[in-house]
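K.L.:
have a look; sequence and predicted model below, questions after that.
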Amino acid sequence: MLRPGIYTMHDFHVFRQFEFDKCVAEKVFPCRWAPDAGRGYGEPMFNFYGQFPYWLGTIFRLSGLSVLASVKSVFILSLVLSGISMFLLARNFWGDKGALISALFYIYAPYRAVDVWVRGALPEALAFIFFPLILLSVEKKKYLSFSVLIFLLLITHNLSIFMFLPFLGIWWLVRSRDWKFLPAGLLSLVLGSFYLLPVIFESKLVTLTQTTADYYNYSLHWTTLSQLFLSRFWGYGGSTWGPNDTMSFSAGHLHWILALVIAITIAGKYLTLNPSPKLGEGTKGRGIIVLGLALSLLALFLTHGKSEIFWKLVPGLPFVQFPWRFLSMSTLFLSLANGAIVSLFHKSAVPAKALATAGYVLLLLLNIGFFKPDIWKSVTDTQYFSGASWDEMRSSALSDYWPKTAGPLPAQFALPDTIVYFPGWTSIVDGVEQSVVPDSRGFVTSTNLVFKDTFVRTLGNIISGLTAVGIISWIFFKPKHAS
């Protein structure tokens with residue numbers, strides 16, 4: 001990624017970073033509107049979509065990097081920092097050598113390559129950083145860290161937190177049962193009010209429900225057992241109906257094979273792990289292995305058509321759209337459990353260091369070939385955001401956030417100074433604010449338009465701001481005896 005240009009990908013997060021930059025230039029925070037989306041009519045994209053990936057991108061932009069380089073930098077962070085976060089979690093159970101195995105398995109899972117190099121799913125790729133850190137905060141009873149991390153995951157990728165919460169709940173039930181995490185979780189929701197309140201009260205104003213229809217209906221995108229466990233197919237196409245997909249849905253060959261070896265070893269009843277000194281006296285690593293493998297199986301089951309009853313019964317689950325997205329959860333828990341291999345065989349004839357090294361080499365040989373682009377475009381920002389490429393980006397995801405009051409989606413690009421109406425638009429003439437009225441098509445044409453926050457957005461901003469000030473004050477001025 002360090003070379004100039006950008007690679008082909010499914011998603012349009014480079015475009016979203018470009019749009020987010022316009023909010024920054026106008027000193028609008030938090031960002032709500034993407035002016036060039038919806039074929040140039042604009043859409044309230046950031047009113048409903050997590051903003052944290054673009055906050056990070058803005059840091060790189062302010063340091064002088066191009067839009068393309070900034071987005072690639074965030075992708076790099078998603079891989080490097082997720083490895084570190086998994087290492088920190090796994091070290092509590094398996095020591096440094098086992099933690100390094102878990103970290104590398106976490107980075108080099110096939111689905112990680114799918115997210116970064118095929119789909120270009122920036123928010124989902126970034127979410128991998130937070131999963132291990134949240135579990136670690138539960139283990140360490142770090143309530144404030146838990147709140148902040150849940151908040152960051154929420155404003156990074158809402159579907160990831162939706163998928164993660166049931167697994168987190170099971171982890172908490174098995175590992176903690178500390179009820180203090182419930183108010184800590186509520187604090188994270190309060191902190192995210194600037195994002196959550198508009199999602200709750202204003203999503204009915206856009207065509208968000210269409211994100212589960214037609215191609216995006218979950219029932220079209222089940223995985224097969226062959227795709228999960230046997231296939232070595234790698235492609236840069238898409239998810240299609242039936243088993244003829246042109247992208248990989250592999251759980252990782254070494255991931256599941258090593259997990260199976262660990263499970264058989266545990267079932268053999270002849271090896272007992274030493275207590276983990278970092279987790280307190282009497283804590284057994286065997287419980288983490290069983291929990292990790294069980295959660296992995298649950299995640300893989302949810303990708304398969306046999307789990308359809310859950311997709312029909314669980315409210316909101318169809319919004320995940322693609323069942324194979326649960327490969328993120330199987331990657332998390334398989335990687336964590338696989339770090340136990342060093343602890344399991346610490347008394348074997350093969351030294352743990354040699355065993356770990358062999359695991360690293362085999363993992364890389366099997367998977368590193370996936371971590372490469374399909375087509376590399378040696379272009380600058382100016383070239384990328386112009387011509388046919390620019391038109392394609394402006395036409396992307398039209399039905400996701402299109403205001404319902406505007407009627408059918410436009411077939412043509414917007415004329416200058418024409419926008420689609422959405423609550424918050426007002427006109428400022430000679431310093432006087434005037435209401436605007438959309439025409440019969442739901443459009444407004446004016447040179448004096450300003451997009452302001454509604455009551456719901458303003459309330460969310462205030463609640464989030466006051467909560468953030470309270471948290472920062474607590475961190476710097478808390479009593480020394482406070483935990």
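P.N.:
Alright, I've got the coordinates.
K.L.:
what average pLDDT does the helix or strand where residue 138 lies get?
P.N.:
Using DSSP states H and E, residue 138 sits within helix 130-140. The pLDDT scores in helix 130-140 average 98.
K.L.:
distance from the chain centre to whichever helix or strand comes after that helix, please.
P.N.:
Remark: after helix 130-140, the chain's next helix or strand is helix 143-154, criterion DSSP H and E. On the basis of C-alpha atoms, centre = their mean, to the nearest Å, helix 143-154 sits 14 Å off its chain's mean C-alpha point.
K.L.:
go on, stretch 148-163?
P.N.:
7 Å.
K.L.:
what's that stretch in contact with?
P.N.:
The contact list for stretch 148-163, computed with C-beta atoms under 8 Å, 6 or more residues apart in numbering, reads 50-53, 123-124, 126-127, 130-131, 133-134, 137, 164, 184-185, 188-189, 191-192, 195-196, 199, 316, 319-321, 325-326, 328-329, 471. No exception for glycine: its C-beta is placed from N, CA and C like everyone else's.
K.L.:
export only the CA atoms of it, formatted as PDB.
P.N.:
The C-alpha coordinates for stretch 148-163 follow below in PDB (Å, rounded to 0.1, in the frame of the first residue of the first chain):
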ATOM      1  CA  VAL A 148     -15.000   4.100  25.500                       C
ATOM      2  CA  LEU A 149     -14.100   1.000  23.400                       C
ATOM      3  CA  ILE A 150     -17.800   0.100  22.900                       C
ATOM      4  CA  PHE A 151     -18.400   3.700  21.900                       C
ATOM      5  CA  LEU A 152     -15.600   3.700  19.400                       C
ATOM      6  CA  LEU A 153     -16.800   0.400  17.900                       C
ATOM      7  CA  LEU A 154     -20.300   1.800  17.700                       C
ATOM      8  CA  ILE A 155     -19.100   4.900  15.700                       C
ATOM      9  CA  THR A 156     -16.800   2.700  13.600                       C
ATOM     10  CA  HIS A 157     -19.200   0.100  12.200                       C
ATOM     11  CA  ASN A 158     -22.600  -0.400  13.600                       C
ATOM     12  CA  LEU A 159     -23.100  -3.800  12.000                       C
ATOM     13  CA  SER A 160     -19.900  -5.100  13.700                       C
ATOM     14  CA  ILE A 161     -21.100  -4.100  17.100                       C
ATOM     15  CA  PHE A 162     -24.500  -5.700  16.400                       C
ATOM     16  CA  MET A 163     -22.800  -9.000  15.500                       C
END
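K.L.:
just to revisit the earlier point, filter the contacts of stretch 148-163 down to the buried ones.
P.N.:
50-53, 123-124, 126-127, 130-131, 133-134, 137, 164, 184-185, 188, 191-192, 195-196, 199, 320-321, 325-326, 328-329, 471 (16 or more other C-beta atoms under 10 Å).
K.L.:
quick one: the helices in the stretch 151-300 of the chain?
P.N.:
Assigned by DSSP state H, counting those that start in this stretch, the stretch 151-300 of the chain shows helices spanning 158-175, 181-191, 193-202, 225-229, 253-267, 285-302.
K.L.:
reformat the ones you listed as JSON lines; add mean pLDDT and distance to residue 235.
P.N.:
JSON lines is the format used below for the helices of the stretch 151-300 of the chain (pLDDT from 0 to 100; distance: least, C-beta to C-beta, whole Å):
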{"stretch": "helix 158-175", "mean pLDDT": "96", "distance to residue 235": "23"}
{"stretch": "helix 181-191", "mean pLDDT": "97", "distance to residue 235": "38"}
{"stretch": "helix 193-202", "mean pLDDT": "96", "distance to residue 235": "34"}
{"stretch": "helix 225-229", "mean pLDDT": "96", "distance to residue 235": "12"}
{"stretch": "helix 253-267", "mean pLDDT": "91", "distance to residue 235": "17"}
{"stretch": "helix 285-302", "mean pLDDT": "94", "distance to residue 235": "21"}
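K.L.:
could these be laid out in a markdown table, adding distance to residue 444?
P.N.:
Below are the helices of the stretch 151-300 of the chain laid out as a markdown table (distance: least, C-beta to C-beta, whole Å):
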| stretch | distance to residue 444 |
| --- | --- |
| helix 158-175 | 29 |
| helix 181-191 | 34 |
| helix 193-202 | 18 |
| helix 225-229 | 48 |
| helix 253-267 | 52 |
| helix 285-302 | 44 |
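K.L.:
low-confidence ranges, the stretch 251-400 of the chain, go.
P.N.:
269-284, 346-352 (pLDDT under 70).
K.L.:
repeat that for 50
P.N.:
Scanning the stretch 251-400 of the chain for pLDDT under 50 picks out 270-283.
K.L.:
quick check: closest non-adjacent residue to residue 233.
P.N.:
In space, and not counting its chain neighbours, residue 233 is closest to residue 248: 5.9 Å by C-beta to C-beta, 6 or more residues apart in numbering.
K.L.:
if I look at the one you found, how far off is residue 113?
P.N.:
Using C-beta to C-beta, to the nearest Å, residue 248 is found at 8 Å from residue 113.
K.L.:
common neighbours of these two, please.
P.N.:
Residues touching both residue 248 and residue 113 (C-beta under 8 Å, 6+ apart): residue 370.
K.L.:
thinking residue 77 is in contact with residue 128, fair?
P.N.:
No: assessed by C-beta atoms under 8 Å, residue 77 is found out of contact with residue 128, at 10.6 Å.
K.L.:
one step back: helices or strands up against the helix holding residue 138?
P.N.:
Contacts defined by 3 or more C-beta pairs under 8 Å, 6 or more residues apart in numbering; DSSP states H and E place helix 130-140 against helix 67-107, helix 143-154, helix 158-175, helix 327-338.
K.L.:
residue 406 is nearest to which of the ones you listed?
P.N.:
Ranking the helices and strands packed on helix 130-140 by proximity to residue 406 (C-beta to C-beta) places helix 158-175 first, at 23.9 Å.
K.L.:
report the buried residues of stretch 85-105.
P.N.:
Neighbour-count burial for stretch 85-105 flags 85-87, 89-95, 97-105 (criterion: 16+ other C-beta under 10 Å).
K.L.:
over to stretch 364-379?
P.N.:
366, 367, 370, 373.
K.L.:
residues in a beta bridge with residue 451, which ones?
P.N.:
Assessed by DSSP bridges, residue 451 has beta-bridge partners residue 425.
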